[in-house]
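J.: sequence? don't have it. structure:
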């Protein structure tokens, strides 16, 4: 019997600003705010609620692709998704449960080493933490232990396999080019299978130097390549037939055909790849081409009968082993053929040096509180997953005992609480002397968390050191350097910059990595003073309560006295700024000079700041409200005017019609990117309103009119979320309306059904 398995490695690097714990706007992801948002829409959400379409490209139903494949998600990506897209996050969790029903109790999800470090290039303690954090994160989300674990870029060495085995991970998946030799259990002679010649249809047992062992699966290379880089996703049936046609290496024996690619292949790298995957899976089952399975199920049914030896320090995305993450090996994206990647080696050297310099600081300082600093780091994942005050207190209680927590226990009458509006109440209270040590311990653990994050593989994967991925790992390095300076009064930045100075940039504006760091990284470093400045600037356009949460900080306004001076508003303020990551607090005096225009100035600690010191995510809101009133005569921009029209709470359809007429007359060029996004958002917002009052016929008719008008424009409308809402209403409300129509000949119900069916047509959904 043929067993078929499709594995997707779904992953994005951690992109959060390490001070704010929030992803800032990334212009290259336009019109989305950042790349996580863009790829979620194009891939992650699309596969969780995938359109199954008829030959006329009309949606018939929604399916969850994840429930029928094997997949792993990067833990840091899931952490972001849980907060920003809970509906997609839940679809992923539900898919694993459904997978257990489909695959003899074996879930569809696998674990992943925590933040995608190239394991052979990490030291042993970091490898251990990556695996432990990956397991704990998986258990926290999927409520079971992972059966297998994905290694970042499938990069492997024996020490990594030892650590997986020590942590009771039964198997991992590798590229066929990572196998060196094989033999049957009963044989003595090893057969050379290097160059990708291993038979991928079965699992292999790999004996390790310690005496332990682990099972290895080697995916089918040719089909995987054609899925990722060829045209196989243009036709779901062809994809299915190609999987089923893979020849059996041992006739009469169980045969597993399995492919592995980046999960982003299905929808991001290949538009509509999610639909091709859905059609492939359906075709396999309807035509009985084979049995869909996952690795855990196949391994239980058919344990290995052969052994394998691996080629160490290899990966699936670098033909030179793991050189892509430490050398100018020639592996590249290829958009700039003349660019060099000489910078990779020096960035690796610099970050390895910094990692090693941080170790004695961490060990020396943490040994004052515990006899096992590295066990404490491994346990810290429980705080990373839940930073609530109660959970942090429990972590200290369990880790350090009474000595650090007795006088710092939760007291409901005095502790900081965040209510449903994310405003703490009551305000800050005095803290015990133990809190000083508590802050230090949390800083030490954050020092190590950032030391791990700065090793994330994407920092080296692309072609230029000034790219957003390389900048991100340098941001984590900057945060680690800042913490080391605060903890040990040791400044590592000058020496780190010497490494970066030897890392040549391909962009003349920068010249080398040190310039990238000075121009792009240092301005993003945040201190309590910067937080206070941001609060002061945003308070000019927003009303805040006495205590409020901003990103990963809580701010208490202890004094805020506005007064007039020389026809300008002057505010004398005092703020207490608390980091919700380290719990450190600082009280700051500031003065705001507001002349009513763009010359706003804030002074804190003898330093002066301007509007340009607001955090990036709030720039548009602040600048629009400060600058716009001062520009009465500006050149009329029809596209911008229409965008603002679409953002109004109540849409004026007559003005929309006027705009369409202007387009028809050819009076100006349409900005399709901006207006496609804005129009899609408007339809989605109207559908959300409709879902809250689905019997509202006038609103339904208004949505019909809106979508009909938008379709008169040459826009690419993203109707994914609107279609989801439509399907939900069709399942929940439509049957009730049909009953009303049948039983009482209700004319309103008849009109509702006609209008709802019409809307389905506009949304590309088959209504009959």
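T.: Good, I have the coordinates. These numbers were taken from a predicted model, which means no experiment stands behind them. Numbering: from 1, shown residues only.
J.: immediately after the worst-scoring helix or strand of the chain on mean pLDDT, which helix or strand?
T.: Across the helices and strands of the chain, mean pLDDT, DSSP states H and E gives its lowest value to helix 402-405, namely a mean of 54. For helix 402-405, the following helix or strand on the C-terminal side (DSSP states H and E) is helix 434-453.
J.: Show me what that next one is packed up against.
T.: For helix 434-453, the elements it packs on are helix 124-142, helix 343-366, helix 373-379, helix 381-385, helix 389-400, helix 402-405, helix 468-488, judged by 3 or more C-beta pairs under 8 Å, 6 or more residues apart in numbering; DSSP states H and E. Bear in mind the C-beta positions are built from the backbone N, C-alpha and C, glycine included.
J.: In TSV, list these along with distance to residue 223 and mean neighbour count.
T.: Formatted as TSV, those follow (distance: least, C-beta to C-beta, whole Å; neighbours: other C-beta atoms under 10 Å):
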stretch	distance to residue 223	mean neighbour count
helix 124-142	27	21
helix 343-366	31	19
helix 373-379	38	19
helix 381-385	36	19
helix 389-400	45	16
helix 402-405	55	15
helix 468-488	29	22
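J.: List just the one of those helices that sits closest to residue 555.
T.: Closest of the helices and strands packed on helix 434-453 to residue 555 is helix 389-400, at 16.8 Å (criterion: C-beta to C-beta).
J.: circling back to that earlier point, now the helices and strands packed on helix 434-453 in TSV, with distance to residue 451?
T.: Output for the helices and strands packed on helix 434-453, formatted as TSV (distance: least, C-beta to C-beta, whole Å):
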stretch	distance to residue 451
helix 124-142	8
helix 343-366	5
helix 373-379	10
helix 381-385	14
helix 389-400	19
helix 402-405	23
helix 468-488	5
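J.: Of these, which is nearest residue 645?
T.: helix 468-488 (32.4 Å).
J.: And the helices in the stretch 151-300 of the chain, which stretches?
T.: Residue ranges of the helices in the stretch 151-300 of the chain, as given by DSSP state H, counting those that start in this stretch, are 158-166, 221-228, 236-244, 273-286, 295-301.
J.: Any idea what residue 588 is bridged to?
T.: Counting by DSSP bridges, residue 588 is bridged to residue 575.
J.: secondary structure element for the closest residue to residue 741 other than its chain neighbours?
T.: In this structure, residue 741 finds its nearest non-sequential neighbour in residue 749, 4.4 Å apart by C-beta to C-beta, 6 or more residues apart in numbering. Secondary structure from DSSP H and E places residue 749 in helix 747-762.
J.: who does that helix touch, helix- and strand-wise?
T.: Helix 747-762 is packed against helix 697-710, helix 720-732, helix 734-744, with contacts defined by 3+ C-beta pairs under 8 Å, 6+ apart.
J.: Okay, buried residues for that helix please.
T.: For helix 747-762, the neighbour count (16 or more other C-beta atoms under 10 Å) marks 749, 752, 753, 755, 756, 758, 759, 760, 762 as buried.
J.: can you check stretch 12-26 too?
T.: Neighbour-count burial for stretch 12-26, counted by 16+ other C-beta under 10 Å, picks out 12-24, 26.
J.: right, and the pair among the residues you listed with maximum separation?
T.: By the measure C-beta to C-beta, 12 and 19 form the most distant pair in these, at 20.0 Å.
J.: Torsion angles phi and psi at residue 590?
T.: phi -150, psi 160 (degrees, to the nearest 10).
J.: Look up how far residue 47 lies from residue 278.
T.: Distance, residue 278 to residue 47, using C-beta to C-beta, to the nearest Å: 8 Å.
J.: any common contacting residues for those two?
T.: Residues within reach of residue 278 and of residue 47 at once, by C-beta atoms under 8 Å, 6 or more residues apart in numbering, are residue 65.
J.: Which one of these two is surrounded by more residues?
T.: Neighbours were counted for residue 278 and for residue 47 using other C-beta atoms under 10 Å; residue 47 has more, 29 against 25.
J.: Give the full set of residues in contact with the more buried one.
T.: Contacts of residue 47 (C-beta under 8 Å, 6+ apart): 8, 64, 65, 66, 263, 266, 267, 274, 277.
J.: tally of neighbours for the nearest residue to it once chain neighbours are set aside?
T.: The shortest distance from residue 47 to any residue other than its chain neighbours is 4.3 Å, reached at residue 65 (C-beta to C-beta, 6+ apart). Counted with other C-beta under 10 Å, residues neighbouring residue 65 total 27.
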